[in-house]
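J.: okay, sequence plus prediction incoming.
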Amino acid sequence: MSEVIATYRLFDKGGQFEKKAEGIALGLTIGSWTDLPHLEQEQLKKHKGRVISIKETGRETTEGREADVTIAYPAANFSTDLPAILVTVFGKLSLDGVIRLMDLDFSSDLARWFPGPKFGVQGIRELTGAYDRPLVMSIFKGVIGRDLSYMERQLRAQLNGGIDIIKDDEILFENKLTPFEERLKLGKQVIVESGKKALYAVNLTGRTCDLKEKARRGIELGATAYLFNVFAYGLDVLQELAEDRDIPVPIMAHPAISGAFTSAPHHGISTELMLGKLVRMAGADFTLFPSPYGSVALERTAALKTAEMALEDSIYKQTFPVPSAGIHPGLVPVLYEDFGMNSIINAGGGVHGHPNGAAGGGRAFRQAVDAVVSGWTIEEAAKQHEDLRVALELWGTGK
Ligand SMILES: CSCCC(=O)C(=O)COP(=O)(O)O
Ligand SMILES: [Mg+2]
């Protein structure tokens, strides 16, 4: 059957889950707060939501007993887009009491409406030439208020340090000192001169109506990837960009703003659904999310599930998980243990704050990555690599 199955976490002091679940299935489809005439109800049967299961978890929370409830919504009720689906399954409901949307399952015909990543993990490995190890990405820091000559020096340093992917910070918007088009041209030139297969993800910003045109112009100027603040714009905007054949570069989804939807434990939408499953369906090649270890830490289970949803078997290519924020070389062993080979080690301060500069920071990360992949400890590796030794001395080992 063509349907979307939503899993909700419900909380109730009296444990009235059945009544609540039926109320949702009816209220979000054919029902109303008041009874409709019987004849109308009969005609509308094929549009009614269907309660599939109600499972109490056995946990008692501050909000009462907890249960996971699944409800199926017929595709006959919505158009073929994520805004319609999200409003159907959690529109008004997200404002109505203590409830969290945990997951969405799409029947296979519906799943095919969505593009998934254009490149995916394998495609990104081909673009960067980096196989058999986690990739290393760095975030430009301290660029606001600085000009292109500063960016150029930093770009060269990061590439010399062995960084695979360089990205703008998500807070770098259109500005006079480092305009979008000039950043792009510079990025392209410096990468070509370096002879490396690196990518530079430029922040695609501005009004929604201008984004596609801007992205296409960027491609003409040599864009190799785009960073996108998807939750400020909406998943459908990401999908528009991902589906555009004239924007043939990977897109990186930044999690800015998503905390407003995902962070409260008993409300909102689960992190793994937003940052794992939905951004993948909408076409993100990379998904950034807070790691469990750095400066903006995400609860470990949620971080692991996010990576799992980004990579699990599906009709879509895999989205590269990028656990981020406050990452330094000493955290590489725990990140590798948790997220494995198909993940990206991403750092801003951990690269640019290295005492040997961004090149030293890049080298320290690459030395840490090479060590863990070869089964060495980073402490052992640091005895042979000065940049790694300095990083561990400054930031510790994360143990
Ligand atoms: C919250 S995940 C995105 C991380 C991010 O945008 C960032 O700038 C991290 O920078 P850091 O210096 O903490 O590596
Ligand atoms: Mg940032």
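T.: Yes, it's here. Residues are numbered from 1 along each chain as shown. Ligands and ions are numbered 1, 2, ... in the order given.

J.: so Thr262 touches Gly268, yeah?
T.: Yes: with contact defined as Cβ atoms under 8 Å, Thr262 reaches Gly268; the gap is 5.5 Å. (Each C-beta comes from the backbone N, C-alpha and C, glycine too.)

J.: so those two - more neighbours on which side?
T.: More neighbours surround Thr262 than the other of Thr262 and Gly268, with 24 against 20 (other Cβ atoms under 10 Å).

J.: not counting sequence-adjacent ones, nearest residue to that one?
T.: Spatially, and ignoring its direct neighbours in sequence, Thr262 is nearest to Thr271 (4.5 Å; Cβ to Cβ, 6 or more residues apart in numbering).

J.: which residue does this structure have closest to ligand 1?
T.: Gly348 (2.9 Å; Cβ to the nearest ligand atom).

J.: was I right about that residue contacting Asp169?
T.: Yes: the criterion here is Cβ under 8 Å, and Gly348 meets it with Asp169 at 6.7 Å.

J.: give me the common contacts of the two.
T.: Contact with both Gly348 and Asp169 is made by residues 139-141, according to Cβ atoms under 8 Å, 6 or more residues apart in numbering.

J.: adding secondary structure, write the residues you listed out as a markdown table.
T.: Listed next are the shared contacts of Gly348 and Asp169 as a markdown table, based on DSSP: H, G, I helix; E, B strand; the rest coil:
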| residue | secondary structure |
| --- | --- |
| Ile139 | strand |
| Phe140 | coil |
| Lys141 | coil |
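
J.: run through the residues you listed and flag the ones next to ligand 1.
T.: Filtering those for proximity to ligand 1 by Cβ under 6 Å from any ligand atom leaves 139, 141.

J.: just give the nearest non-adjacent residue to the residue of the stretch 251-399 of the chain found nearest ligand 2, would you?
T.: Per Cβ to the ion, Gly348 is where the stretch 251-399 of the chain lies closest to ligand 2, at 6.2 Å. Leaving out its chain neighbours, the residue that sits closest to Gly348 by Cβ to Cβ, 6+ apart is Ile139, at 3.6 Å.

J.: get me the contact residues on the stretch 201-350 of the chain for ligand 1.
T.: So the stretch 201-350 of the chain meets ligand 1 at 255, 288, 290, 295-296, 324-327, 347-350 (Cβ under 6 Å from any ligand atom).

J.: as JSON lines, the residues you listed with neighbour count, pLDDT and secondary structure would be great.
T.: JSON lines is the format used below for these (neighbours: other Cβ atoms under 10 Å; pLDDT from 0 to 100; DSSP: H, G, I helix; E, B strand; the rest coil):
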{"residue": "Pro255", "neighbour count": "25", "pLDDT": "98", "secondary structure": "coil"}
{"residue": "Leu288", "neighbour count": "28", "pLDDT": "98", "secondary structure": "strand"}
{"residue": "Pro290", "neighbour count": "24", "pLDDT": "97", "secondary structure": "strand"}
{"residue": "Ser295", "neighbour count": "12", "pLDDT": "83", "secondary structure": "coil"}
{"residue": "Val296", "neighbour count": "12", "pLDDT": "88", "secondary structure": "coil"}
{"residue": "Ser324", "neighbour count": "25", "pLDDT": "97", "secondary structure": "strand"}
{"residue": "Ala325", "neighbour count": "20", "pLDDT": "97", "secondary structure": "coil"}
{"residue": "Gly326", "neighbour count": "17", "pLDDT": "96", "secondary structure": "coil"}
{"residue": "Ile327", "neighbour count": "29", "pLDDT": "97", "secondary structure": "coil"}
{"residue": "Ala347", "neighbour count": "28", "pLDDT": "98", "secondary structure": "strand"}
{"residue": "Gly348", "neighbour count": "20", "pLDDT": "97", "secondary structure": "coil"}
{"residue": "Gly349", "neighbour count": "18", "pLDDT": "97", "secondary structure": "helix"}
{"residue": "Gly350", "neighbour count": "27", "pLDDT": "97", "secondary structure": "helix"}
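
J.: now render those residues as CSV, adding distance to Arg245.
T.: Putting those into CSV (distance: Cβ to Cβ, whole Å) gives the following:
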residue, distance to Arg245
Pro255, 27
Leu288, 25
Pro290, 33
Ser295, 39
Val296, 35
Ser324, 30
Ala325, 34
Gly326, 38
Ile327, 34
Ala347, 33
Gly348, 32
Gly349, 37
Gly350, 36
